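>>> turn this into a model:
(2 chains)
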Amino acid sequence: MQTTELKLLTVICEPVLSSELIELAKSMGVSGFTTTAVQGEGSAHRHSGEVPDAKMKIEVIAEAALALQVMDRIAEEYFKNYSLIAYLIDAHVVRKTKF
Amino acid sequence: MATFDILRANLLSPIVLAFALGVFAKAIRSELTLPKDLYSSLSIYLLLALGLKGGVELSESSIHVIAWPAAATILLGCLTPVSAYFLLRRLGRFSSVDAAGMAAHYGSVSAVTFIAAQQFTTNMGSSAEGFMPTLLTLLESPGIHIALAIGALKRAKHQTSATGHPAKSKSVILHEILTARSMILLVGGLLIGLLMGLKGYEPIKPFFETGFKGALVLFLLEMGIIAGARLKDLKTVGPRIVAFGILLPILHGSIGVMLGHFSGLSVGGASVLGAMAASASYIAAPPAVRMTLPEANPAYYLTASLAVTFPFNLIVGIPLYYKIAIWLNS
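Next comes the predicted model:
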């Protein structure tokens, strides 16, 4: 099967941030996203919501350059005051046109 | 009734005991927790039931009975965030954003504390006025806005670095607060209740009233677990938070009871208004503060409202405001 290499950008953040981060990614050209409610604790051991360890995982798949741009923007705007992590991994996708 | 008897009656009420069980379960590291969806469902049920019943009662009341208590409530909503901010800033030496973040919580209201106070006064034989849920909706948002406005002004003054998250605009925050789940359910419930009246309420009354107290017990159990999880944060935030978490509700609660009394509310109504003023929001305020004042430390405002003020009001505060109301009335 023919696959194309793109990047999977994963952000794990405080639930309160999720809609804003999705809007940001979309406004930069990302075509779709997946969110999952997850639980966990980071190095800051900081709980910012009503339910202590609730976090949101946002996943988007995009061209490497765009994924990097989105990650840069998130780092610049949110890393200072919020608890979140972001990472990129390779994703081999079928139907490249969907992304 | 003597103070001791009032306190004992409150301590032995099912909601306080269920809350204590939740805290205990967390303290002994039990795996007990309510499924998240059940917790959400219970809060939807409780808020809608509260709104519906309040709306039906509102349809039976005349406007001039509500006018003064409503004015007193709005005054409270404007007063409490300012008093909280200045006390936290001057006496507590908190930074301006931390003080504003906490003031937003203390200026707003906790619906569960409201319901607990309403149940308590009913058990004591002096039920609060039926239109109290209307006052609850009036008190929900002004406090958050005033405190956030103070915080935003101070933040703009001290903003030093160019990077960081740009604060959300006022209209976005206003939209978020007004469209929050609790607001839609309460205001929507009030409107439905007002429109359908007593006749429309009769068929749905068994569902919304019979299960209400039981649902509240389950909800308080989960609140106990949530508050219990915050208890370990008390060590990191320090005694200042504990002191203010008790001082602010006593101050605001007393002012609330007085304003309630002088605006013509009954002993029950004045006690419930006191409990409303004393309570700190933990649903509407945290996300609004997190997005508007990102530099404010969430550990401060969440620990203060969930681990200190909520249990304080539930156990000591509500009987205290009731006692003050009785004293004013005599």
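>>> can you name every helix or strand that the helix ranked longest in chain A contacts?
In chain A, assigned by DSSP state H, the helix with the most residues is helix A:64-78. Here helix A:64-78 touches strand A:4-13, helix A:18-27, strand A:54-62, strand A:84-93, going by 3 or more CB pairs under 8 Å, 6 or more residues apart in numbering or on different chains; DSSP states H and E. No exception for glycine: its C-beta is placed from N, CA and C like everyone else's.
>>> SS state for residue 29?
This is for chain A. Three-state call for A:Gly29 (DSSP: H, G, I helix; E, B strand; the rest coil): coil.
>>> can you look at chain B instead?
Using three-state DSSP, the structure places B:Arg29 in coil.
>>> the residue nearest the centre of chain A and A:Val70, how far apart?
Compute the mean C-alpha point of chain A, and by CA atoms, centre = their mean the closest residue is A:Val11, 3.0 Å away. From A:Val11 over to A:Val70 the distance is 9 Å, taken as CB to CB, to the nearest Å.
>>> any idea what A:Val11 is bridged to?
Going by DSSP bridges, A:Val11 is paired in beta bridges with A:Ile58, A:Ala86.
>>> returning to that earlier point: surely the residue nearest to the centre of chain A and A:Tyr82 touch.
No: between A:Val11 and A:Tyr82 there is no contact under CB atoms under 8 Å: 10.7 Å.
>>> list the buried residues of the longest helix of chain A.
Using 16 or more other CB atoms under 10 Å in any protein chain shown as the test for burial, helix A:64-78 gives A:66-67, A:69-71, A:74, A:77-78.
>>> what about that helix, distance to the chain center?
Relative to its chain's centre, helix A:64-78 lies at 9 Å (CA atoms, centre = their mean, to the nearest Å).
>>> and the angle from that helix to helix A:18-27?
Per axes from the mean of the first three to the mean of the last three CA atoms, to 10 degrees, the angle that helix A:64-78 makes with helix A:18-27 is 140 degrees.
>>> rebuild the buried residues of helix A:64-78 as CSV, extending it with pLDDT and distance to A:Leu21.
Output for these, formatted as CSV (pLDDT from 0 to 100; distance: CB to CB, whole Å):
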residue, pLDDT, distance to A:Leu21
A:Leu66, 96, 15
A:Ala67, 96, 13
A:Gln69, 96, 14
A:Val70, 97, 9
A:Met71, 96, 11
A:Ile74, 95, 6
A:Glu77, 92, 9
A:Tyr78, 92, 8
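>>> for the closest residue to A:Phe99 other than its chain neighbours, give me its contacts.
Once flanking residues are discounted, A:Phe99 sits nearest to A:Ile61: 5.2 Å by CB to CB, 6 or more residues apart in numbering or on different chains. The contact partners of A:Ile61, by CB atoms under 8 Å, 6 or more residues apart in numbering or on different chains, come to A:6-9, A:32, A:67, A:91, A:93, A:99.
>>> in the chain, which ranges drop under the pLDDT threshold?
Here I'm looking at chain A. Residue ranges of chain A with pLDDT under 70: A:44-52.
>>> please refer instead to chain B.
B:158-170.
>>> so what's residue 6 up against?
With no chain named, the answer covers chain A. Contacts for A:Leu6 were tallied using CB under 8 Å, 6+ apart; they are A:61-64, A:67, A:90-93, A:96, A:99.
>>> chain B is the one I meant
Counted by CB under 8 Å, 6+ apart, B:Ile6 has contacts B:124, B:319, B:322-323.
>>> kindly report the same for B:Ile173.
Counted by CB under 8 Å, 6+ apart, B:Ile173 has contacts B:145, B:148, B:288, B:291-292.
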